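J.: Got a predicted model here, sequence first, then my questions.
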Amino acid sequence: MKHVGNLSYTEGAKHSKKRIGRGQGSGHGGTSTRGHKGQKSRSGATVAIGFEGGQTALARRLPKFGFSNHRFKKNFQTINLNKLQQFIDAGRLNANNISDEALRSSGILKTKEPIKILGNGDINIALTVSDVTLSASAISKIESAGGKISNNG
């Protein structure tokens, strides 16, 4: 009787392993549960791991290099800090209100994709940025110039 922790099987619930190849009277004689013919009926036969009976194995059907997460990829429309500086200097943007809505209404960014500000270039104006995703370098440059960031998307 097998014990697992304080549980035990009811008497008679378990039976001994079936004895194969011990004559017809045992119920497992003749082909000894291997069926008729074929590779797996032979003695000493082994089938390679991943072998699918002649069908091209799954490991050979799958692509081998790279990975592309197209389904869940999030595309951003990007703008660099040096471009923001140019638009502010030209009077097309207000440095106190850099937001998703302000960038779209000024005509600087036209697509409906979410906006991300990247840290390429330098900024010497204290910006107030809201509702826009920023890169780590953009955050550090804006804060070092005395700017404020709220609701970093």
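T.: Okay, I see it.
J.: Check the spacing between the residue minimising distance to the centre of the chain and Pro63 real quick.
T.: Most central in the chain under CA atoms, centre = their mean is Asn69, positioned 7.1 Å from the mean C-alpha point. The spacing between Asn69 and Pro63, counted by CB to CB, to the nearest Å, is 14 Å. Any C-beta I mention is one placed from the backbone N, CA and C, and that applies to glycine too.
J.: One more: Lys17?
T.: Distance from Lys17 to Pro63, by CB to CB: 44 Å.
J.: How about Gly121?
T.: 39 Å.
J.: go on, Ile123?
T.: Counting by CB to CB, the gap from Ile123 to Pro63 is 43 Å.
J.: what's the answer for Phe76, then?
T.: Per CB to CB, Phe76 is found 27 Å from Pro63.
J.: Low-confidence regions, the protein specifically.
T.: 1-4, 152-153 (pLDDT under 70).
J.: ranges for the helices of the protein?
T.: Taking DSSP state H as the criterion, the chain carries its helices at 58-61, 81-89, 100-105, 136-144.
J.: Lys18 touches His28, doesn't it?
T.: Yes - Lys18 lies in contact with His28 (CB atoms under 8 Å); the separation is 5.8 Å.
J.: out of those two, which sits in the more crowded spot?
T.: Applying other CB atoms under 10 Å to Lys18 and His28 shows that His28 carries more neighbours, namely 15 against 10.
J.: The more buried one - nearest residue in space that isn't next to it in sequence?
T.: Ile20 (4.7 Å; CB to CB, 6 or more residues apart in numbering).
J.: Please work out how many residues are found near that neighbour.
T.: Ile20: 13 neighbours (other CB under 10 Å).
J.: swap in Ile142?
T.: 24.
J.: Let me know the outermost residue of this structure.
T.: The chain, CA atoms, centre = their mean, max distance from centroid: Gly25 (56.6 Å).
J.: picking up where we left off before, with neighbour numbers in mind, choose between Phe76 and Pro63.
T.: More neighbours surround Phe76 than the other of Phe76 and Pro63, with 16 against 7 (other CB under 10 Å).
J.: That one contacts Lys112, doesn't it?
T.: No - applying CB under 8 Å, one finds Phe76 not in contact with Lys112, separated by 11.6 Å.
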